[in-house]
Structures are given as C-alpha cells and as structure tokens.
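Participant: quick one: sequence and predicted model below, then my questions.
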Amino acid sequence: MADAFVSFAVQKLGDFLIQQVSLRKNLRKEIEWLRNELLFIQSFLRDAEQKQYGDQRVQQWVFEINSIANDAVAILETYSFEAGKGASRVKACVCIYRKEKKFYNVAEEIQSLKQRILDISRKRDTYGITNINSTNAGEGPSNQVRTLRRTTSYVDDQDYIFVGLQDVVQTLLAQLLKAEPRRTVLSIYGMGGLGKTTLARNLYKNPNIASSFRTRAWICVSQEYNTMDILRNIIKSVQGRTKETLDLLERMTEGDLEIYLRDLLKERKYLVVVDDVWQKEAWESLKRAFPDSKNGSRVIITTRKEEVAERADDRGFVHKLRFLSQEESWDLFGKKLLDVRSMVPEMESLAKDMVEKCRGLPLAIVVLSGLLSHKKGLNEWQKVKDHLWKNIKKDKSIEISNILSLSYNDLSTALKQCFLYFGIFPEDQVVEADNIIRLWMAEGFIPRGEERMEDVAEGFLNELIRRSLVQVAHTFWERVTECRVHDLLRDLAIQKALEVNFFDIYDPRSHSISSLCIRHVIHSHRERYLSLDLSNLKLRSIMFFDPDFHKMSLKNFRSVFQHLYVLYLGMDVGCRVPDAIGSLYHLKFLSLRGMDDLPSSIGNLKNLQTLVFRGYNCQLPQNIANLINLRHLICSYSKPLVDICKLTSLQVVDAICCDQWKDVDPVDLVNLRELGMNSIKKSYSLNNISSLKNLSTLRLFCRDRQSFPSVEFVNCCEKLQKLMLEGRIEKLPNLFPNSITMMVLRLSSLTEDPMPILGMWPNLRSLQLSRDSYEGKEIMCSDNSFSQLEFLRLYCLEKLERWHLGTNAMPLIKGLGIRNCPNLKEIPERMKDVELLKR
C-alpha cells in the first residue's frame, strides 16, 4: 500500500513539472531529483511491506516513505494555489525566491524532503530491504478493464440464502406471520460469515412481510453501541427526518427517547430488525421501548452470541443458523467460480480439499471461490492451498481470517485501495456504485489512459465483486447500482487501513483520531470532531456520514481543509456553505445536501470532477461555468441552469428539472453520456437533446403524470442504448435508434399495443412495462419479433388479460418478471419454463 502513496506523489510531481513551465532551473532540478528518487525507492517497497509486520523498524521506514510522499504533494499543491492567486506564475516564482510572506517557500521545503530521503535510503541497507521489480508492468489500464468486464459474473445475497436454506426461510416466515397477537422476538444466531444479516434482510424484504407490517425499521447495533443513538435512529426510520423531529430528538434524554418511541409504536403493527447485537445488555436497554399492543408486532435480532439469542424473549423463537453440508458447500463454490467445467480432475481435488476445510461457512466458501477464479492452472491453485495449510487450525479447519487476508493480499495496489475505501462507510450501509466510483476517481486510484476513468473504475468494482470481497445489493440495466461489504470484510478493511494510515474513523468516546492518516471519517458527533485541533494536518479527505448533520460551524475552514480532494458533507435544511469553500483549490469531489444555495466562490474549484448538490429551491451561481474539469453534475434546484454548455468535460447530468434544460444549447457537450431530467411538461420541447451525439443513457420523468411533448427527437440519438420514459405518451413513434438495448416505460397510458413497434428493435435485450404503461387488454408478440430480448418485465398492468406469443418470438429469453397483473389469465406455454426475475 505504501506503493500507492508513492505512485500518487510521483504522478503529482510529474504533473507539476509539466504545468509549471516558469520554474527556475535550480528548483526544477530539485523537484526532478525528488521525483526520480521516489521512483527508485518504489522498487523496494514491496519487499519492505512484506517485512514490516515482523520488524517494527521496517514498519517505521515505510511510514516515513508515506510521510515524505504526502508532504511532497502538499508542498506543491500549496505552491500551485498561491501561485495561481498571483498576477502571473512568473511573478509567483520570483516571489518564492524573494521569500515574500504570501508564498510558500518551496525550495526550502524541497531541501528538507531531500535530506529525509537521503536518511531513509541509508536505513534501507541497514534493514536489509531489497529491490523487487514490479510484475505485469506492461498491462495497461485499457487491457485490464477489458479483462475485468469480460470475466465478471454476479452472484448476489440470494445465493447465501438458497443454497441449503430454503426450509429456514419458510420456517422463519411462518413464525413472523403466525396468528400470535403478543409481540414476540425472533432471534437468529451463529458465527460471523454464516449469513445472519443476509437471512434477516431476505425476511425483511419479503412481499408478505412488507404487506403485513406497514411500519418497519432496520437498525445495526454492532459492538460499540450507543443506546440513545439507536433509539433516535429507530424513531427517525419510523417518523422521518424533518428538522423539527431532529431538533426535538437532540434535546431528549434516554428516558424521553424510550417513552417517545413507545408512544410512536403503540398503535402500529411493526417489525423492527435489530442487527448484530453483541451483548445482552444492548437488547435489555432497548426492549422497553418496543410496546406489546397485542397486534402481532415482531422484532428480529441477529447475533453471534447464543446467550443473547436465548435471553432475548422467554417465549420467543430462537434459530441457530447451521453450517452448509459438504454437498451444499460444493454447490455454492461452483456458483461463484466462473467456469467449474474447466477444472481438470487434479484441480477439482484440490478445490474439494479446501472447500471441505471451510466447514460449511458460506462467506469463507465464496471468498475462496473468488480467489481461485482469479488463479490460472494447477500450480497456482496448489500455492493457495499450501498457504492456507500453513495456518490450519488444530481441528483441521481454515480460519476465515486467513482466507480473507489471502484474498486481500492477492489484489493489485490499485484494487487494495479501492477495497479499503469500503471500510470508510458505516457498518451495513448500502453504497451507491456511482458514488464510490467517483470517490475513487477523485482520490487518484484510477489510472489515466485510453479508457474512460469511469469505465476503468467500474471494472475495478466488478473485480472486487467477482472475488466476493464486495456484495451486490442491487442491479439495474445490467449494471451494479448498489453494493455493500460483509461486516467481517469491513473489519479487515479498517484493520489494514490503520496499518498503513490509509484512513481513521473518529472515536467520540476518546475524542481522538489519528493525525497520521490523510483521510478522516466521522460517523457521529461531528461538532466534537471539529473541536479538535486540525490546523497542522495535511488531510486529503474528510467524510461526514452523520445523517443529521445540521447546525455545523466550520472554524478555520481554509487552514483545516486546504489540501482536500474529497469533502463529503451531510447537512440539514438551513445550513449555508461558507464562502471559504472556494479556497479549496484541489477539491475534486464535493457532496452536499439540504442546502439553499451555493456561494459564488464555488466557481474557483477548477479541479472539481464531481458536484453532488441536493438543494431546496436553490440556484447555481453564474461562474459554475468555470468548472472546466467537472464530469458529474448531480443537482436538484429550481432556478435556471447557467452556462452548462460551457462545461464540455461533463459525462453525467442528473436530477435536473426540465425548466433548467429547455433553453440550453447542448451542442458542445460532446462528452455527455448520461442525462436524467425531471418535471417535464407537454408544453416544453426536448428536441435539443438530439444534439447530444454521444448520449448513451437517458431518463426522462414528466411532472405529476403529465404527457410528454414529442419524443421523436430520440431517433437522432444514434448512440443511445438505455432509455427510460415515465409519463404519458400519446403515441409511440415508429422510429427509434437501432442502438437501444434497454427500455423502461412507466405511466405511459398507451392505448395501442406497443409490442409490434418494440418487437422490431434489432438490439433490444431488456424491456420493462410498468405502472399503467399500457391500458389495453392484450399484447401481441408476433413471429420473429424481439429477436435479441433476454429479459422481460410486466409490472402493474391492471387491464392486461391476454398475451399472444408467436412461435419464433423471443428466442433468447432467459428471464421473466410479472407482478400485479391481476387480470392476466395465463402466460404463454413457452414462458412457463423461463426463470422468474426478482423485483
């Protein structure tokens, strides 16, 4: 991982030398020397990292390398910012040598770094750190991302459930739904990695549960719990997060919160999941808040502790989650392996030995499978077995921690960084795929090359999923849209991150956070964190995940945040972004919510790549057009969209209102690939969208079930692949671009059968008709139609009665979803064998 810090510094030094053409000759030579020396040291880092865990001196040597790399970046970034404020860069350089106060003394700082590098170079020989040449140096990011995309396969949480656990699901559903008026507790217990949370999540999302319990809440407790925070979170899940509620909850004592929650629930039939309870005291401190109104309410507890489960409710139901049988284990292993059939008998024998030693633990099995799927040939599989056998337990089973660590150590440096980043998010949190991809880009984890950085980053995410280090939470249009990590893997990420000072999470109990880490994460008590002295730190990222982040005061904003690349703020209504945010010259990712407007200084952030701004009746300032490197603009606001046509780097524009778009001339937005627009009215024209020649994804939503204006413009979008239209369509056009592969129609209120038109699209692979998109009684799919269709979903078509399917129609269909079509008498015979799709 130290290699990542040094690689980043080398890249920044190189960029600096290119950009600062007016540097004096002597200073340029010093920076070139520094860059070359870091490149040389980089070749020793792999050996050093292997030795550091057994030698504290080597560990300190690696830490010093990281510090030098980070300090070098901070020095140059401060210079660039100060020089940019001068009349010219030539003047700025002269000012440095004259040691004028307003400029950073770069030459003196570089000399200090040079001395530190010479010192650690001497120590390298003392500690016996040797040169290890990098491998796979010739594989560039373009080849890598193509490989990752080609080999990715998704196996989501359901595979944990339905390999040997179908009977468990039905048993627990029966317990939750049985005619027992008393509030009862259902406890699920077992060791980490058995799938307790996944099982509880499957029950929580079951349609029968959702319809039976109108009030539901999910809360994660974990080892370090705070009863007041848990009570507040349950209340907010049930009642919502209005400003009045948040202010009220902040003033309450623990007793007040308990009474408030009881009153909130006493008239409701509720289901609350209390996930990951470690101590019986945690449940004891909560259970008084759950009233028994004799209306069939239920609580689900998941825990690793038998005593917690057994004592949760004297008359409750306790289920001990079992391990998988050998046959079930091999079945699960095969589901995750890319191609079981390619195994030669010797490889199969090795795999069965390793799977057997996993003792039926699902998480261990899928991570092992993900690791082996990346290894080619018998020799590499044998090496994995040999490594695991070195750490075998006395009872001849493999410790899951050894499998997880081995899989982590097998990652490239870039993938290690990407995986560690998941440890930043709160436990059990679902992470938006686009969000973490953009964060990776801002942090500099994604190499620059011929491929779009977004595509490379998506390939990295898919690789982590394929290795079962990341779980899929949701997919849409053949892409992962949401993901999460198992809590054992999150623990691993946090442990590894602390070892290399990658990030640290603020601990409000000790009121401390590491000053050595360049990324600070705050999950709660944001005001206490901000009261720390942060002025001398060179922080790269600050991320606040407190969902009720309001009334925040940012003192010494410029001095604390001046080196930031990522600022992730969760605020509530009424807060204002300080003008000083415009001084964060290096910022690449900025996420805000609940704001009224942005200050005009936002236009100074020339390096910004992503702006996520969830505002209320807000306005973007005129000088947003200065954000020349902006790639992702996700903003909800009501005032006119200013000069967006000048942001030629834009790749994604989402959540905007049509009022802001209708007068835009987007002809220069040549890089825009994705557009999402709300509040469309029939009186508007959308014809300017046809100017977006590289648009591949388009989502359009009408206001309050209104009608679309003409959608004929879509035919001019020659590269359009994914199209979603929500709103009335008076007539579906006959002409659509042949490039479309995925289509969703909602609330279209079509009176004519759309299938004859849609069936002729030559590349359509996925079609969803939902929520009254069609008001007729029958659909006709004629012979030879839908030649490429693989997935069909028919949802909430209440008037549909008959479905006629031609003999040769839909020859490639492999997934069918039908929901809430009450009058549909039957589906075609040929469709009865097609796999049913999950919602």
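Facilitator: Perfect, I can see it now. Numbering: from 1, shown residues only.

Participant: for the stretch 301-450 of the chain, just list every one of the helices.
Facilitator: 306-311, 326-336, 345-357, 362-372, 378-390, 400-409, 413-421, 433-443 (DSSP state H, counting those that start in this stretch).

Participant: make a markdown table out of those and add distance to residue 811.
Facilitator: C-beta here means a position set from N, CA and C on the backbone, and glycine is covered the same way. As requested, the helices of the stretch 301-450 of the chain are arranged in a markdown table below (distance: least, Cβ to Cβ, whole Å):
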| stretch | distance to residue 811 |
| --- | --- |
| helix 306-311 | 51 |
| helix 326-336 | 26 |
| helix 345-357 | 34 |
| helix 362-372 | 32 |
| helix 378-390 | 38 |
| helix 400-409 | 40 |
| helix 413-421 | 39 |
| helix 433-443 | 32 |
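
Participant: what's the closest of those to residue 31?
Facilitator: For the helices of the stretch 301-450 of the chain, proximity to residue 31 was assessed by Cβ to Cβ; helix 433-443 is nearest, at 22.9 Å.

Participant: identify all contacting residues around that closest one.
Facilitator: When contacts are defined by Cβ atoms under 8 Å, 6 or more residues apart in numbering, helix 433-443 is touched by residues 417-418, 421-422, 446, 453-454, 457-458, 460-461, 479-483, 540-541, 565-566, 568, 588-589, 609-610, 612, 631-632, 652.

Participant: among these, which ones are in strands?
Facilitator: The members of the contacts of helix 433-443 that map onto strands under DSSP state E are 479-483, 541, 566, 568, 589, 610, 612, 632, 652.

Participant: show me which of those are buried.
Facilitator: 480, 482-483, 541, 566, 568, 589, 610, 612, 632, 652 (16 or more other Cβ atoms under 10 Å).

Participant: where does the stretch 501-650 of the chain dip in pLDDT?
Facilitator: By pLDDT under 70, the weakly predicted segments of the stretch 501-650 of the chain are 547-559, 570-576, 594-596, 615-618, 637-642.

Participant: which residues in it form strands?
Facilitator: 504-505, 519-522, 541-544, 566-568, 589-595, 610-615, 632-636 (DSSP state E, counting those that start in this stretch).

Participant: try the stretch 101-250 of the chain
Facilitator: Assigned by DSSP E, counting those that start in this stretch, the stretch 101-250 of the chain shows strands spanning 184-189, 215-220.

Participant: let me know the closest of the buried ones among the ones in strands among the contacts of helix 433-443 to residue 290.
Facilitator: residue 482 (28.9 Å).

Participant: and the gap between the closest one and residue 118?
Facilitator: Plainly put, residue 482 is 49 Å away from residue 118 if you go by Cβ to Cβ, to the nearest Å.

Participant: buried stuff in the top helix by length along the chain?
Facilitator: Determined from DSSP state H, the single longest helix within the chain is helix 56-85. In terms of neighbour count (16+ other Cβ under 10 Å), helix 56-85 has its buried residues at 58-59, 61-62, 64-83.

Participant: same question, stretch 769-777
Facilitator: Applying 16+ other Cβ under 10 Å to stretch 769-777 flags 769-774, 776 as buried.

Participant: farthest pair in the buried ones among the ones in strands among the contacts of helix 433-443?
Facilitator: Farthest pair in those, by Cβ to Cβ: 480 and 541, 23.2 Å.

Participant: remind me what the helix or strand containing residue 18 packs against, helices and strands.
Facilitator: According to DSSP states H and E, residue 18 maps onto helix 2-19. Helices and strands touching helix 2-19, by 3 or more Cβ pairs under 8 Å, 6 or more residues apart in numbering; DSSP states H and E, are helix 25-42, helix 45-52, helix 56-85, helix 413-421.

Participant: of these, which is nearest residue 806?
Facilitator: Per Cβ to Cβ, nearest to residue 806 of those: helix 413-421, 46.7 Å.

Participant: can you tell me what sits against that closest one?
Facilitator: 1, 3-4, 7, 408, 411, 436, 439-440, 443, 445-447, 457, 460-461, 463-464, 469-470, 493, 496-497, 502-503.

Participant: on that earlier part again, sort out which residues of the helix holding residue 18 are buried, please.
Facilitator: Applying 16+ other Cβ under 10 Å to helix 2-19 flags 2-10, 12-13, 16 as buried.

Participant: kindly report the same for stretch 26-42.
Facilitator: 27, 30-31, 34-35, 37-38, 41-42.

Participant: kindly reformat the residues you listed as CSV containing distance to residue 404 and pLDDT.
Facilitator: Formatted as CSV, those follow (distance: Cβ to Cβ, whole Å; pLDDT from 0 to 100):
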residue, distance to residue 404, pLDDT
27, 47, 79
30, 44, 83
31, 41, 85
34, 37, 87
35, 36, 86
37, 36, 84
38, 31, 86
41, 30, 82
42, 27, 80
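
Participant: which of those sits closest to residue 336?
Facilitator: residue 42 (34.5 Å).

Participant: and the spatially closest residue to that closest one that is not a sequence neighbour, how far from residue 736?
Facilitator: The spatial neighbour of residue 42 that comes closest, neighbours along the chain excluded (Cβ to Cβ, 6 or more residues apart in numbering), is residue 6 at 4.9 Å. Counting by Cβ to Cβ, the gap from residue 6 to residue 736 is 51 Å.

Participant: how about residue 255?
Facilitator: Applying Cβ to Cβ, the value for residue 255 to residue 736 is 62 Å.

Participant: between these two, tell me which one has more neighbours.
Facilitator: Shown here are residue 255 and residue 736; by other Cβ atoms under 10 Å, residue 736 has more neighbours (21 against 9).

Participant: related to what we said a few turns ago, can I get the ones in strands among the contacts of helix 433-443 in a markdown table including distance to residue 582?
Facilitator: Putting the ones in strands among the contacts of helix 433-443 into a markdown table (distance: Cβ to Cβ, whole Å) gives the following:
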| residue | distance to residue 582 |
| --- | --- |
| 479 | 35 |
| 480 | 35 |
| 481 | 33 |
| 482 | 33 |
| 483 | 34 |
| 541 | 19 |
| 566 | 17 |
| 568 | 18 |
| 589 | 16 |
| 610 | 17 |
| 612 | 17 |
| 632 | 19 |
| 652 | 23 |
